[in-house]
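Student: No sequence on hand, only this structure:
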């Protein structure tokens, strides 16, 4: 098969934005998406998450984002992405789950089962949803109750009348506690004190994340540097004291409880791990892009921190929705920057 000029892996917001700009620049490419249908990670979000709940969705290039409503975010975004792909005739192939990307005589080879694609450049837009993070604790395998991660959250009603330990200090933990606490006995546990903030500088937060990526360290979440804010629907729950957390992390997990170092015990029917995600970049491992610090270092952006997309070790590879561009608006800016970087690289080739 003749080599493509570019391949985009992932058809979420960042991937669709990249494909739009590649097509606008006349660069031949395909988009490989692991999902059965359009919608990116949004199509897998829990049913109770409505458009009124999400923390803002940025416009796609030449397409305004859906407004806030009480409709399920998973359905609304999936329909929006579907229309976008069709309207702009984006070359999305699905379902294609990429296993690995390798080098072959100056070209990149994308492997998916028995199928392969060869390309001169690659744009990775796989996000984090497929790589949930769950920490390990002594006794965890012996726990007889349920363990859930937010990636598979079954809805608040599932926990009615149960004793639930919620672990995590991010926005997902705050939202899920607000849903579960009225109908269950909730204990909130975080490793570090949650940082509450009425106001924050989004630009400053993104710059802190970008600095980590430029140094080759794993990217931190934007929320970790912006702090948490309660939305109106969570204010009522806050007045009941549900957001009063245990001031230390438990030490071990027992058959039906969690135990702290001081000997105190909290019985539990379920543990809900709202412990976030890690970048889904394992398929890029054969390219050796990771720095000794554990992250993939990116070159500084040409316009702003959210246009920092090019791998410092391999300029053929762009990462969008990674580090400082890990947001819907960041993904859009990164998509344009990645397409321009692809054009620049192709023009520089003999």
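Tutor: Received, thanks. Everything numeric here is computed off the predicted structure, so don't read it as measured data.

Student: Contacts for stretch 75-93, please.
Tutor: Contacts with stretch 75-93, where a contact means CB atoms under 8 Å, 6 or more residues apart in numbering, come from 11-12, 16, 19-20, 23, 29-33, 37-40, 42-43, 51, 57, 60, 62-63, 65-66, 69. Where C-beta positions appear, they are placed from N, C-alpha and C, glycine not excepted.

Student: Mark which of those are buried, thanks.
Tutor: 11-12, 16, 19-20, 23, 29-33, 38-40, 42-43, 51, 57, 60, 63, 65-66 (16 or more other CB atoms under 10 Å).

Student: Now do the buried residues in stretch 150-163.
Tutor: By 16+ other CB under 10 Å, the buried positions in stretch 150-163 come out as 150, 151, 153, 156, 159, 162, 163.

Student: Of the residues you listed, just say which sits nearest to residue 171.
Tutor: residue 150 (10.2 Å; CB to CB).

Student: hang on, that closest one packs against residue 179?
Tutor: No. Using CB atoms under 8 Å, residue 150 is not in contact with residue 179; the gap is 11.5 Å.

Student: Need the residues touching each of the two.
Tutor: With CB under 8 Å, 6+ apart applied, the contact sets of residue 150 and residue 179 do not overlap.

Student: Next, check the buried ones among the contacts of stretch 75-93 against the helices and list the overlap.
Tutor: 16, 19, 20, 23 (DSSP state H).

Student: So residue 339: helix, strand or coil?
Tutor: helix (DSSP: H, G, I helix; E, B strand; the rest coil).

Student: Count the residues that sit near the residue nearest to it when sequence neighbours are not counted.
Tutor: In space, and not counting its chain neighbours, residue 339 is closest to residue 21: 3.5 Å by CB to CB, 6 or more residues apart in numbering. Residue 21: 21 surrounding residues under other CB atoms under 10 Å.

Student: And for the one 5 residues further on?
Tutor: Counted with other CB under 10 Å, the neighbours of residue 26 add up to 8.

Student: Please report the distance of it from residue 18.
Tutor: 14 Å (CB to CB, to the nearest Å).

Student: now residue 31
Tutor: 8 Å.

Student: swap in residue 193?
Tutor: The gap separating residue 193 from residue 18 is 38 Å, by CB to CB.

Student: more neighbours, those two?
Tutor: In this view residue 193 and residue 18 are compared by other CB under 10 Å, and residue 18 has more residues nearby, 35 against 9.

Student: Pull the contacting residues for that one.
Tutor: Residue 18 neighbours (CB under 8 Å, 6+ apart): 8, 123, 125, 318, 320, 334, 335, 336, 338, 339.
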